[in-house]
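build me a model from this:
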Amino acid sequence: MKKFLLTLGLIGSVAGASMAQGRTQPADSTRRVAGAAGMQGTAGQKAKPKPYADVITDKAVTKAGFFKTHKVDDKYFFELADSVLGRELLVVNRISKAGAEVRSASGYAGDQIGSAVIMFEKGPDDRIFMRKISYATYSPDSTKSMYQSVQRSNVQAIVAAFNIAAFAPGNKGTVIDVTDYIKGENEIFSFSNAAGKTRFRLGNFISDRSYIQNVRSFPQNVEVTTVKTYVLTPPTTGFGAAPAGGAGGSTLNGSSTIEINTSMVVLPKKPMQPRYFDPRVGYFAVGYTDFDANPQGVKEIEMVKRWRLEPKPEDMAKYKRGELVEPIKPIIFYIDPATPKQWVPYLIAGVNDWQKAFEKAGFKNAIIGKMAPTAKENPNWSLDDARHSAIVYKPSEISNASGPSISDPRSGEIMESHINWYHNVMKLVRDWYFIQAAAIDPRARKMEFSEELMGDLIRFVSSHEVGHTLGLRHNYGSSSTVPTENLRDKKWVEANGHTPSIMDYARFNYVAQPEDNISSKGIYPRIGDYDNWAIEWGYRVLPNAKNAQDEIAILNKMTVEKLKNRRNWFGTELNPDDPHSQNEDLSDNAMKASEYGIKNLQRTLAKLPEWTKEENEGYENLDNIYGQLTGQFNRYMGHVAKNIGGIYENPKTVEQEGFVYERTPAATQKEAMTFLDKQLFTTPTWLLSPAVLNNTGANPMVIISRSQQAVLNRLVSNSTLTKLIAAEAMDGTKAYKVTDFFTDMNGSIFKELKNKQAIDVYRRNLQKMYVQELIDLVKPAPAPTTAQAGGRGNAAPTMSLGQSDVISVAKAELRNINSMIKSASTQTDSLSNYHLQDLSDRITEALNPRG
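Coordinates of the predicted model:
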């Protein structure tokens, strides 16, 4: 079974980006850069503890919670009860306010900028140490033989030390001064690493313009708000970049101030029982190296990320009988008060749509969307409080939304989530729906959708992002389980949806044709069969399993049975080779689906000037939507091209029949090549609408060449050709061989030579691109450095060119093309002759380079 190891991604390095070239820090900012005591706490200046009343005076503003916090004049103190020492705290840092200069670098209120797990412990000489906890290696059971050895070999870093300012009354706790550390620059209370600061163009920390704004304590968490100022560095690339040797622009002596909210949340004393990752069900995971799990070696443990949903003790008997029960603590998503009121009901509906899925796991009312309370309703409620999960609305031009979550690294328990909802996501879904559905839905034939239609689209995106926060990854394979013709069957598709998973990137039903009269029920994505199964797998409580190991056999039996229904299949987004696992595609046959999709694009293009027109406006709408249309066409080409050299992957346990890996059938690959010949290599002139091009200035040569080049890059690549050669080695005569591939490519791209036809400019460009791809294989560029590596084609590991037949067959194809050129009759037009002679010269030089 193929391994999908997903690392913690929790612990960052010490923050602190270097200053911009040519810039010197202002003199008044150098006194305590990063806080002289900031990196060391207060232990650098040794002082004996004072009486409690001398430190926490009658001026103190005290707040009780998980631990007490005190403000005395301009000093802040933590009072750590003995019971707090040794407890692990999850620290999450978010921007709570930012200026325009940070927003321009994609930074918005609610953005997470760091996280870590820390622990306070008593050290020698009246000091308190703060340790940063790593779970890269772990022995979870203190009774096992390796526990002590692992502990000795995995000492947790001390990131700060504090003098004990006073002992709490009754010597049941300690008081430490955290002022300098919290308001300073460090990896716990600001950015986890330098890369985070660089993203926001933040340079060196300016301590005398930074301060603590507020500290609040709650029963399970402590919230700290700080204001921090940094040197603002110039853009490194693009418009406004600084010239060499200077800062450039108006940012020469600029600074940027941001407000940061730090949540310190206590992790459970007893971690939630983990559930081990299974590649057949798509969950995000955290993991560690376990030295106890395998008596003859180490084992990489992966635990899925999920919320702690448990039946109330008094309802456990009902739960075991199969009755629906409410969980002890439901999942609640609050809607940011800044959200425009008309979209709030749709966002809430997107959350609540998951309730039915949780019923498959035995829970009712397990997840709830609701408006955040107003200040009048609850003055202590805060969107920044890490106890609250929320959909945070951001006034951003970013056309996106995302659903991250924070989890306990010991168990995978999701502690909270802040879904990022960027304002311009509405443009994104409008463009998607316009291009994919305008041919079949009259409501999409204008630039401003009705509130109802836009609300429906927001609801779908909301459900998708909430799915991520529940632990679910993208299921790129789900749509491939649906027969193409079912997508045109009104009764079937309206009952079942066009994909079994809302976690797919299936968007909308572009296969449906106008004459099918399919309603929105058969066009929109919805929570489907796979999603219901995934929630059941991840959240059903298994009372008979005492630990995660006991769950494995039970879950495997469930999974084997469920996967007999192909609609429950998970296709990972991480596989570059499987044609069944693709984003933006539909159905079990990319060729048929794309054929229908192109018909709808042609209908849409014919009406594009009319449907994009707005009074008193220019042609920006036309330009934008035409770009979306050509992009959709390119997606169809990519969906088909992935079938060439494709390898299906179906993770299995030994209890399941069939192979894990299978090559795409030769007949399917042949069908894909025929499609590409018809729809792409034969110039798709229908894309070149004069009514569009003459009003947008789009270059027809670029439009066609871009589409063809992308497909050639994938097909004529070391990766694809190596897979074709390997398939022949495995499957023999049943395979679609590399020689079959080149025969089909040659016949498609150089058909004019056989038919003695003139070669037009589009076809000349195509032939040049194809020959250049072959030459690049024969004369590969020098290997890139590690920093430059990125490869071409897909990312699958391949043999080096020198170790395979790829160069041999590429040379043979070049020789074949050159022979065809030389034996072809002279063309009737001069440009065709010039072109062919040029190709011949290029091929000759590639095969016989001059010293």
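
make it CA atoms for all contacts and neighbour counts henceforth
Will do.

pairing partners for the longest strand anywhere in the chain, with directions?
When secondary structure is assigned using DSSP state E, the longest strand within the chain turns out to be strand 202-217. Each strand pairing with strand 202-217, determined using DSSP bridges, is listed with its direction: strand 221-232 (antiparallel).

buried stuff in the longest strand of the chain?
Within strand 202-217, the residues that qualify as buried are 202-208, 210-212, 215-217, counting by 16 or more other C-alpha atoms under 10 Å.

what number of residues lie near the closest residue to Pro169 other than its chain neighbours?
Spatial nearest neighbour of Pro169, excluding adjacent residues (C-alpha to C-alpha, 6 or more residues apart in numbering): Tyr52 at 7.1 Å. Number of residues near Tyr52 (other C-alpha atoms under 10 Å) recorded here: 16.

farthest pair in the buried residues of strand 202-217?
The most widely separated members of those are Gly203 and Ser217, with 31.1 Å between them, by C-alpha to C-alpha.

need the buried residues of strand 202-217 in TSV with pLDDT and distance to Arg663, can you?
Formatted as TSV, the entries for the buried residues of strand 202-217 read as follows, by pLDDT from 0 to 100; distance: C-alpha to C-alpha, whole Å:
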residue	pLDDT	distance to Arg663
Leu202	87	49
Gly203	88	51
Asn204	90	54
Phe205	92	55
Ile206	93	59
Ser207	92	60
Asp208	92	64
Ser210	94	60
Tyr211	95	61
Ile212	96	60
Val215	94	60
Arg216	90	59
Ser217	90	59
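
what residue ranges in the stretch 251-400 of the chain score low on pLDDT?
Regions of the stretch 251-400 of the chain meeting the criterion pLDDT under 70 cover residues 251-253, 291-298, 396.

SS state for Val511?
Taking DSSP: H, G, I helix; E, B strand; the rest coil as the rule, one finds Val511 in the coil state.

swap that for Ser462, please
Using three-state DSSP, the structure places Ser462 in helix.

pretty sure it contacts Asp353?
No - taking contact to mean C-alpha atoms under 8 Å, the distance of 9.6 Å between Ser462 and Asp353 leaves them out of contact.

more neighbours, the two?
Ser462 (25 against 20).

once you drop chain neighbours, what's closest to that one?
If you skip the residues right next to it in sequence, Ser462 has Gly350 as its closest partner in space, 4.9 Å away by C-alpha to C-alpha, 6+ apart.

around that neighbour, how many other residues sit close by?
Using other C-alpha under 10 Å, Gly350 has 26 neighbouring residues.

show me the contacts for it.
By C-alpha atoms under 8 Å, 6 or more residues apart in numbering, the contact set of Gly350 is Ile458, Arg459, Phe460, Val461, Ser462, Ser463, Val466.

pLDDT averaged over stretch 437-456 - what is it?
The predicted model gives stretch 437-456 an average pLDDT of 97.

for the stretch 551-700 of the chain, what spans make up the helices?
Under the criterion DSSP state H, counting those that start in this stretch, helices of the stretch 551-700 of the chain are mapped to 590-611, 620-641, 666-676, 690-696, 700-715.

which of these sits closest to Asp841?
For the helices of the stretch 551-700 of the chain, the distance to Asp841 is smallest for helix 700-715, at 21.3 Å, taking C-alpha to C-alpha.

helices or strands up against that closest one?
helix 620-641, helix 761-778 (3 or more C-alpha pairs under 8 Å, 6 or more residues apart in numbering; DSSP states H and E).

average model confidence for that helix?
The predicted confidence, averaged over helix 700-715, sits at 97.

who touches it?
Residues beyond helix 700-715 that count as contacts (C-alpha under 8 Å, 6+ apart) turn out to be 630, 634, 637-638, 641, 644, 680-681, 683-684, 688, 693, 720-721, 762, 765-766, 769-770, 773, 792-794.

CA atoms only: put it into PDB for me.
Extracted in PDB, the C-alpha atoms of helix 700-715 (Å, rounded to 0.1, in the frame of the first residue of the first chain):
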ATOM      1  CA  PRO A 700      -4.800  34.200 -31.600                       C
ATOM      2  CA  MET A 701      -1.300  32.700 -32.000                       C
ATOM      3  CA  VAL A 702      -0.700  32.800 -28.300                       C
ATOM      4  CA  ILE A 703      -4.100  31.300 -27.500                       C
ATOM      5  CA  ILE A 704      -3.600  28.300 -29.700                       C
ATOM      6  CA  SER A 705       0.100  27.800 -28.900                       C
ATOM      7  CA  ARG A 706      -0.400  28.000 -25.200                       C
ATOM      8  CA  SER A 707      -3.000  25.200 -25.300                       C
ATOM      9  CA  GLN A 708      -0.900  22.900 -27.500                       C
ATOM     10  CA  GLN A 709       2.400  23.600 -25.700                       C
ATOM     11  CA  ALA A 710       1.000  22.500 -22.300                       C
ATOM     12  CA  VAL A 711      -0.100  19.200 -23.700                       C
ATOM     13  CA  LEU A 712       3.100  18.600 -25.600                       C
ATOM     14  CA  ASN A 713       5.100  19.300 -22.400                       C
ATOM     15  CA  ARG A 714       3.300  16.500 -20.700                       C
ATOM     16  CA  LEU A 715       3.200  14.000 -23.500                       C
END
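
could I get the buried residue list for that helix?
Pro700, Ile703, Ile704, Ser705, Ser707, Gln708, Gln709, Val711, Leu712, Asn713, Arg714, Leu715.

ok, the residues you listed vs Lys822, which is closest?
When the buried residues of helix 700-715 are compared for distance to Lys822 (C-alpha to C-alpha), Leu712 wins out at 24.2 Å.

let's check: the centremost residue of this structure is which one?
The C-alpha lying nearest the average C-alpha coordinate of the chain belongs to Ser402 (C-alpha atoms, centre = their mean; 7.8 Å).

I'd say it and Ser417 touch.
No - the criterion here is C-alpha under 8 Å, and Ser402 misses it with Ser417 at 10.4 Å.

just send the helices and strands packed on helix 700-715 back as TSV, with distance to Thr57 and mean pLDDT too.
Putting the helices and strands packed on helix 700-715 into TSV (distance: least, C-alpha to C-alpha, whole Å; pLDDT from 0 to 100) gives the following:
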stretch	distance to Thr57	mean pLDDT
helix 620-641	65	98
helix 761-778	76	97
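
re earlier: now the residue nearest to the centre of the chain: phi and psi?
With angles defined as degrees, to the nearest 10, Ser402 sits at phi -150, psi 150.

ok, what's across the strand from it?
Following DSSP bridges, Ser402 is listed with bridge partners Asn420.

from Ser463, how far out is it?
11 Å (C-alpha to C-alpha, to the nearest Å).

and if you look at Pro313?
Distance of Pro313 to Ser463, computed by C-alpha to C-alpha: 30 Å.

returning to what we had before: so can I have TSV of the helices of the stretch 551-700 of the chain showing distance to Ala444?
As requested, the helices of the stretch 551-700 of the chain are exported to TSV (distance: least, C-alpha to C-alpha, whole Å):
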stretch	distance to Ala444
helix 590-611	9
helix 620-641	12
helix 666-676	29
helix 690-696	19
helix 700-715	25
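
of all those helices, which one comes closest to Gln656?
Gln656 sits nearest to helix 666-676 of all the helices of the stretch 551-700 of the chain, at 25.2 Å, using C-alpha to C-alpha.

next, the angle helix 590-611 makes with the closest one.
Regarding helix 666-676 and helix 590-611, their directions subtend 20 degrees when assessed with axes from the mean of the first three to the mean of the last three C-alpha atoms, to 10 degrees.
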